[in-house]
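Asker: Sharing a model prediction with you, sequence too.
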Amino acid sequence: MFGFLRFVTFSVTRGLQGLRRNGLMTLAATATMLLMLLLLAGFWLVQAGLAAGVQYVEQKVEIVADLHDVAGAEGSLTVQAVALAADVAALPSVRSVAYVSKEEALARFRDRLRQRGQVDLTGFLDRNPLPASLEVKLVDPREYQPIVQLLQDRSRVVDDVVEVQKLVQQLTTVTGVLRTGGFVLLVLVGFVVLFIIVNTIRLAVVARREEIEVMRLVGASDAFIRWPFIFEGAFVGLLGAAAALAVLAVASGPVTDFMYGFFRILPLEFGSLQRDVVLLVVGTGLGVGVLGSWLSVRSYLTR
Amino acid sequence: MFGFLRFVTFSVTRGLQGLRRNGLMTLAATATMLLMLLLLAGFWLVQAGLAAGVQYVEQKVEIVADLHDVAGAEGSLTVQAVALAADVAALPSVRSVAYVSKEEALARFRDRLRQRGQVDLTGFLDRNPLPASLEVKLVDPREYQPIVQLLQDRSRVVDDVVEVQKLVQQLTTVTGVLRTGGFVLLVLVGFVVLFIIVNTIRLAVVARREEIEVMRLVGASDAFIRWPFIFEGAFVGLLGAAAALAVLAVASGPVTDFMYGFFRILPLEFGSLQRDVVLLVVGTGLGVGVLGSWLSVRSYLTR
Amino acid sequence: MTTPTILRPAAALDPSPDHAAAGTSGVARPVVALRGVGKVYPNGTAALRDVDLSLGEGEFVFLVGPSGAGKSTLLKLLIRDELPTTGEVILDGRDLARVPRRKVPELRRKIGIVFQDFKLLPARSVRENVAFALEVTGTPRGRIRPAVDRALAVVGLGAQADQLPPTLSGGEQQRTAIARALVHEPRLIIADEPTGNLDPLISWEILQLLLRINELGVTILIATHNAGVVTALRRRVVALEEGRVVRDEVGGYHRDD
Amino acid sequence: MTTPTILRPAAALDPSPDHAAAGTSGVARPVVALRGVGKVYPNGTAALRDVDLSLGEGEFVFLVGPSGAGKSTLLKLLIRDELPTTGEVILDGRDLARVPRRKVPELRRKIGIVFQDFKLLPARSVRENVAFALEVTGTPRGRIRPAVDRALAVVGLGAQADQLPPTLSGGEQQRTAIARALVHEPRLIIADEPTGNLDPLISWEILQLLLRINELGVTILIATHNAGVVTALRRRVVALEEGRVVRDEVGGYHRDD
Ligand SMILES: Nc1ncnc2c1ncn2[C@@H]1O[C@H](COP(=O)(O)OP(=O)(O)OP(=O)(O)O)[C@@H](O)[C@H]1O
Ligand SMILES: Nc1ncnc2c1ncn2[C@@H]1O[C@H](COP(=O)(O)OP(=O)(O)OP(=O)(O)O)[C@@H](O)[C@H]1O
Ligand SMILES: [Mg+2]
Ligand SMILES: [Mg+2]
């Protein structure tokens, strides 16, 4: 027990000494760690923003079914439409169904024209040419096919399922590409980061093979040789992570403002983003530091 | 002359020997170089794409001046409008001016409605409610103010300068942010790349301080000490650059297809992109390799 | 070190005939035994050929022979830094080739070794280099400091305790290496050319010290070219030549003086 | 190296009295002169104090003194590896402190130096280590190979030419260092403890070699603890003690033998 305590004290002390003694190496490794962690965090944030944006857009995807528009039969058609809406809403893949009446459709159309600064020509109309419609929102926009089918089958009520196929397909392709692309990029950057940090630590350890050699010959057990280096690697990782978090904290104000201003249009839900970033940065820093040291020392021990 | 040839041969030979002898170091440095160059090239491409996109969008920015619409006075107004168009076109900050007649405006409006799948209500109209207009494209969209002024002054011809202020402002803000942000990111990534490669090479040289020490003591002149390392750094840089270009060449097919599909909407002009990337990658690799070696060796020479 | 008086070998000698008489056979339980040991390095150099040797507990033995004869190789086998190509090396009754890797550090801790090339850590002070051997083997903090101070005093390095090895003279570096080998009070001391960089005076002092330690029952094996010392002490001398033991008897550096 | 015959010093000696008589004043034009030289290292150690010394062209001088006396420091001053704190070091008529940094390599090329810690490159073979000194000073390729082979033969390392230093015995490393110092046929040879790892036989052979080279007019300065060699040769001996020259005369290692 005492022995173990002594061992830990020894390892931590030696690890810290190593940091101080190998100034250049420590600096190089820590700086590399910092930059790589920033890169990783940056990519991760962009990826998270992208994912949130994509999700938001997907939520907006809806199937619109224009209903038959027979003058005089409005009453009975409305009843049938409401029944259909209830049927559709019962499907598990449907998030919500909204019935848009003819009047509401015209009001929306006018709004849109006004918003876009286009000329409102509806004043010249003698009757409302817009049909009533059902707007169906989906849980997963890729599963639109069965719902479109159902709506088209009710041809007594439904006049036309508006352009939904092409639109949804395009959108899901785009968002899928963005999602996958972002993830692939994140993984790639992650590998680059891992590789470069491990490499830097390895170089730092190579420069101290003499020390390992002497420890071996003097009768130090593997644990006594390995752990100081591992602690040293862990310290480098934590230092780099702390520095990276500090930079992120300082930068987060302006960046958030900017992002917020830029993406104002999308009310994105970032949820536990902050906690995730801290975990990512600290975890990667620590993990890579320890892993790098472990690997580097191992090749000198197994002789 | 012979001496110089011998010197170069010596340096190149030693440089190559150094590469072979310091296997791990060379590998680490080259791999770091490769990854960093890929990162740089990737960022540069994204930045180039962004810049091209922004430029395309900016080209589309135009000032639209609706002209007075007095029934019966069309003839005289058209003459005045053409005269105004000529005046505006003479301004240096104007790229082009187009006169859009009432008929053309209506045709365009119908086209737009059709494209968007909206209901064409224009059939119900008894007369063309759209005014003729002047569409002015700018060399630099940020310089819209004087032109707007000029158009508004001619109030005999010009009825209203359409929403141009807000729109242009928003757009130029967005594109400016994208441009600056992209550039700043590119510069940051560039620094990260420089720093990490120089660091890696420095570590590789530190591991060989003994060699430099012996050369010094044995009476080698600074040039004989320095140049083998510089050639070694240059080789590492070129190796990394060649590997990066190979990766880019292999990846370019699929990536271009994807990008093309994705950005189909924007007929972007990439121009000499390929040549630029080759120059960037090779130049950076070589430059950083040489610089890193130079800096690293120098600190051992100036003692 | 500052007194130019010369300690004459005869005046300093403690003949202790029981050690001197130990001879080839190793009267006491053998601490070290080599049986038919051959060592061929990967590049084909045969550094040792069919060496038989046994050191009894408490013996004091010189290992001599021309440059390249295989002395350092033999010492490296004893700490399992190298493994023999043929034959077996037995330390404390155990065949080193059969000791699992995990147990090797334990064995090495019983041995104090002075390397021919010192193997000091350039970034650590003299004191830290000596303390290193204790720290990395888990010695309690409180015991390290006094042990290190004692070892440094014994080799006359008190004043240089805080210098770094690159700022030491050759002899000071060698004495640091010796102090490190002594500091954990090993039962077997192996010294490879421990006086090559030392003036005759300090060489004699170091040997006096080793003799005193030997009297406490510690086995000592010294590879050396220092003919004067070897000849004057008339202890057991094992002579190697081209990897073979060509002589093993009490006597001087050369067969006939 | 394989013949166990012992070359007795007397048998090997070429007394050449003109050198032996050179004495303190340096009859010939002084190649090396130290005037009131003091050296205090940054940590405060005074390694040399007010040293005056002059070596004439073609002299053969031993530098002796206890460990830490300042011998290596003195040698380092001669190749401008260190600068003196006070006084001047004059090499070939030039004050080393005034030689611009750019000119230093040229000066060093005229000197062959054997370092106490060898300073061999571990990743290069023996042959390459020796060739290194020629290559980095711009010697034409064609002249390197024969010169290196000659130097290696002279120190008896022909067989080990392609080994790396870490796979050499201590003595072989030392001989590699000696070969490197000789290979460019310098006009001044400075050897710091060149026989510390060598057996008496090879030590004598190396000294014979240096004596022969000295006869060709090369000035030679050797720092050593090898009392036997110094005493047998009866050349000029400069003794340092605590950084001061305490003796400078023709004689042995100790004042009174
Ligand atoms: N790792 C190695 N690989 C190849 N050959 C080696 C290795 N180590 C030593 N040798 C060779 O083995 C021979 C014996 O070497 P060793 O170091 O045992 O000699 P030594 O007796 O200690 O000599 P010295 O007195 O010069 O130190 C030498 O010829 C040397 O070149
Ligand atoms: N770079 C340095 N910094 C500080 N002190 C030093 C440095 N180099 C040498 N010294 C000290 O200067 C003194 C003289 O050292 P020097 O190496 O000249 O001795 P030496 O005569 O060569 O001894 P040895 O025979 O042991 O090699 C020693 O006490 C040493 O500790
Ligand atoms: Mg040896
Ligand atoms: Mg010295």
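Answerer: Yes, it's here. Ligands and ions are numbered 1, 2, ... in the order given.
Asker: where do the strands sit along the chain?
Answerer: Just so you know, I chose chain A. Listed in chain order, the strands of chain A (DSSP state E) span A:62-67, A:94-100, A:133-138, A:158-161.
Asker: nope, chain C
Answerer: So, for chain C - with DSSP E - the strands run C:30-40, C:46-56, C:60-64, C:86-91, C:94-95, C:111-114, C:188-192, C:219-223, C:235-241, C:244-251.
Asker: among the ones you listed, which is nearest B:A52?
Answerer: Nearest of the strands of chain C to B:A52, taken as Cβ to Cβ: strand C:30-40 at 68.2 Å. Heads up, the C-betas are built off the backbone N, CA and C, glycines and all.
Asker: pull the CA atoms of the closest one into PDB?
Answerer: What follows is strand C:30-40, C-alpha atoms only, in PDB (Å, rounded to 0.1, in the frame of the first residue of the first chain):
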ATOM      1  CA  PRO C  30      29.200 -19.600  -6.700                       C
ATOM      2  CA  VAL C  31      27.400 -16.300  -7.100                       C
ATOM      3  CA  VAL C  32      28.100 -16.200 -10.800                       C
ATOM      4  CA  ALA C  33      28.700 -19.200 -13.100                       C
ATOM      5  CA  LEU C  34      29.200 -19.400 -16.800                       C
ATOM      6  CA  ARG C  35      29.100 -22.800 -18.400                       C
ATOM      7  CA  GLY C  36      30.300 -23.300 -22.000                       C
ATOM      8  CA  VAL C  37      29.200 -19.800 -22.800                       C
ATOM      9  CA  GLY C  38      29.500 -18.500 -26.400                       C
ATOM     10  CA  LYS C  39      28.300 -15.200 -27.700                       C
ATOM     11  CA  VAL C  40      28.000 -14.400 -31.400                       C
END
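Asker: sorry, back to before: any chance of the strands of chain C in TSV, plus mean neighbour count, distance to chain A and mean pLDDT?
Answerer: Listed next are the strands of chain C as TSV, based on neighbours: other Cβ atoms under 10 Å in any protein chain shown; distance: least, Cβ to the nearest Cβ, whole Å; pLDDT from 0 to 100:
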stretch	mean neighbour count	distance to chain A	mean pLDDT
strand C:30-40	20	16	94
strand C:46-56	20	18	95
strand C:60-64	24	19	96
strand C:86-91	19	13	95
strand C:94-95	12	15	92
strand C:111-114	26	7	93
strand C:188-192	23	11	95
strand C:219-223	25	16	96
strand C:235-241	23	22	95
strand C:244-251	16	25	93
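Asker: would you turn these into a markdown table with distance to chain D?
Answerer: Shown next, in a markdown table, are these (distance: least, Cβ to the nearest Cβ, whole Å):
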| stretch | distance to chain D |
| --- | --- |
| strand C:30-40 | 12 |
| strand C:46-56 | 8 |
| strand C:60-64 | 8 |
| strand C:86-91 | 19 |
| strand C:94-95 | 26 |
| strand C:111-114 | 12 |
| strand C:188-192 | 7 |
| strand C:219-223 | 9 |
| strand C:235-241 | 7 |
| strand C:244-251 | 8 |
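Asker: mind putting the strands of chain A in TSV, mean pLDDT, mean neighbour count and distance to A:V187 included?
Answerer: Shown next, in TSV, are the strands of chain A (pLDDT from 0 to 100; neighbours: other Cβ atoms under 10 Å in any protein chain shown; distance: least, Cβ to Cβ, whole Å):
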stretch	mean pLDDT	mean neighbour count	distance to A:V187
strand A:62-67	78	22	33
strand A:94-100	83	17	31
strand A:133-138	81	21	29
strand A:158-161	77	18	39
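Asker: and of the strands of chain C, who's closest to ligand 1?
Answerer: Closest of the strands of chain C to ligand 1 is strand C:46-56, at 3.6 Å (criterion: Cβ to the nearest ligand atom).
Asker: Is any residue of the closest one near ligand 1?
Answerer: Yes - judged by Cβ under 6 Å from any ligand atom, strand C:46-56 comes into contact with ligand 1 at C:A47.
Asker: That strand close to ligand 3?
Answerer: No - using Cβ under 5 Å from the ion, strand C:46-56 stays clear of ligand 3, with a minimum separation of 10.0 Å.
Asker: Note down every partner strand of that strand and its orientation.
Answerer: Strand C:46-56 pairs in its sheet with strand C:30-40 (antiparallel), by DSSP bridges.
Asker: Report the angle between the strand it pairs with and strand C:244-251.
Answerer: Going by axes from the mean of the first three to the mean of the last three Cα atoms, to 10 degrees, strand C:30-40 is angled at 150 degrees with respect to strand C:244-251.
Asker: How about strand C:30-40 and ligand 1, touching?
Answerer: No - applying Cβ under 6 Å from any ligand atom, one finds strand C:30-40 separated from ligand 1 by no less than 8.0 Å.
Asker: which residues sit against that strand?
Answerer: With contact meaning Cβ atoms under 8 Å, 6 or more residues apart in numbering or on different chains, strand C:30-40 is reached by C:26, C:46-57, C:59, C:70, C:73-74, C:77-78, C:82, C:84-92, C:187-188, C:219, C:221, C:243.
Asker: Report the distance from that strand to the chain centre.
Answerer: 17 Å (Cα atoms, centre = their mean, to the nearest Å).
Asker: one step back: can you put the strands of chain A in JSON lines and add distance to C:P122?
Answerer: Shown next, in JSON lines, are these (distance: least, Cβ to Cβ, whole Å):
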{"stretch": "strand A:62-67", "distance to C:P122": "72"}
{"stretch": "strand A:94-100", "distance to C:P122": "70"}
{"stretch": "strand A:133-138", "distance to C:P122": "69"}
{"stretch": "strand A:158-161", "distance to C:P122": "80"}
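Asker: Which one, of those, ends up nearest to ligand 3?
Answerer: Ligand 3 lies closest, by Cβ to the ion, to one member of those: strand A:133-138, at 81.5 Å.
Asker: now the residue of chain C found nearest ligand 3: how far from ligand 2?
Answerer: Closest to ligand 3 within chain C is C:S72: 3.1 Å, counting by Cβ to the ion. Per Cβ to the nearest ligand atom, to the nearest Å, C:S72 is found 21 Å from ligand 2.
Asker: and if you look at C:A133?
Answerer: Remark: distance between C:A133 and ligand 2 (Cβ to the nearest ligand atom) = 21 Å.
Asker: That residue touches C:H184, doesn't it?
Answerer: Yes - contact between C:A133 and C:H184 holds when scored by Cβ atoms under 8 Å: they sit 5.8 Å apart.
Asker: Neighbour count: these two, which is higher?
Answerer: Each of C:A133 and C:H184 has its neighbours counted (other Cβ atoms under 10 Å in any protein chain shown); C:A133 has more, 30 against 21.
Asker: give me every residue that touches the more buried one.
Answerer: Residues near C:A133 by Cβ under 8 Å, 6+ apart: A:V218, A:G219, C:R180, C:A181, C:V183, C:H184.
Asker: Look through the chain and tell me its longest helix.
Answerer: No chain was given, so I picked chain A. In chain A, taking DSSP state H as the definition, the longest helix is helix A:164-206.
Asker: Let me rephrase: I mean chain C.
Answerer: helix C:200-215.
Asker: does any bit of that helix sit next to chain D?
Answerer: Yes - using Cβ under 8 Å from any Cβ of the partner chain, a contact is recorded between helix C:200-215 and chain D, made by C:P200, C:L201, C:I202, C:S203.
Asker: Identify the residues contacting the closest residue to C:A47 other than its chain neighbours.
Answerer: In space, and not counting its chain neighbours, C:A47 is closest to C:T73: 4.1 Å by Cβ to Cβ, 6 or more residues apart in numbering or on different chains. For C:T73, the contact set (Cβ under 8 Å, 6+ apart) comprises C:K39, C:A47, C:L48, C:E82, C:G243.
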